[in-house]
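Engineer: I need the structure of the sequence given here:
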Amino acid sequence: MNTPMNNKVSVSAHGERAILITRSFKAPRTLVFDAMSRPDMMKNWFHGPPGWTLTTCTMDLRPGGSYRWAWTNDKGHEMGMGGTVLEVDPPSLLKTTEKFDAAWYEGEATNTLTLTEENGVTTMRLTVEYESTAARDGVLAGPMAGGMEASYARLDAYLQQH
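Structural biologist: Numbering: from 1, shown residues only. Prediction:
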């Protein structure tokens, strides 16, 4: 059985308050997990939409640990976020909270990242659960998918080099 490659990010409503983000990468899941959780690797690809650069990246990868990410654009504006690691089971699961410094949605979100691998292809499923349906719908109305795809395309290139 062949695993289909979905080389574009898919973002859709999931249940009452969540978004489901899926994408596949032609790389072993251990490498994908490391690239998504190790700051030394994230600094190579996790920049967001064109014009933005990841300038802060810390991650204490254990339950109760915290993380902090911040991006700066070419005009000097910063967008930062952080949270707490709730659960980690490398290379298949990472569950965290998420709160942006200047949030455009109410409350915080809970992210559940799962990675599965078949025939050398790793499939990412990222479920982001918000505190309300209104918060989820507000995020879905924004430009999130474009920025994510720009980062994931860079991740594809990074994975092919390793």
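Engineer: buried set for the helix or strand bottoming out on mean pLDDT in the chain?
Structural biologist: For the chain, the helix or strand with the lowest mean confidence is helix 144-160, at a mean of 89 (criterion: mean pLDDT, DSSP states H and E). Neighbour counts over helix 144-160 (16 or more other C-beta atoms under 10 Å) mark 144-145, 147-152, 155-156, 158-159 as buried. Quick note: C-beta positions are derived from backbone N, CA and C, even for glycine.
Engineer: how about R136, phi and psi?
Structural biologist: phi -60, psi -50 (degrees, to the nearest 10).
Engineer: okay, it: pLDDT?
Structural biologist: pLDDT for R136: 95.
Engineer: ok, now which ones touch it?
Structural biologist: 13, 17-19, 105, 130 (C-beta atoms under 8 Å, 6 or more residues apart in numbering).
Engineer: same deal with L126?
Structural biologist: 20-22, 111-114.
Engineer: so what strands line up beside whatever helix or strand it lives in?
Structural biologist: Per DSSP states H and E, L126 falls inside strand 121-129. Strand 121-129 has its sheet partners listed here by DSSP bridges as strand 18-25 (antiparallel), strand 109-118 (antiparallel).
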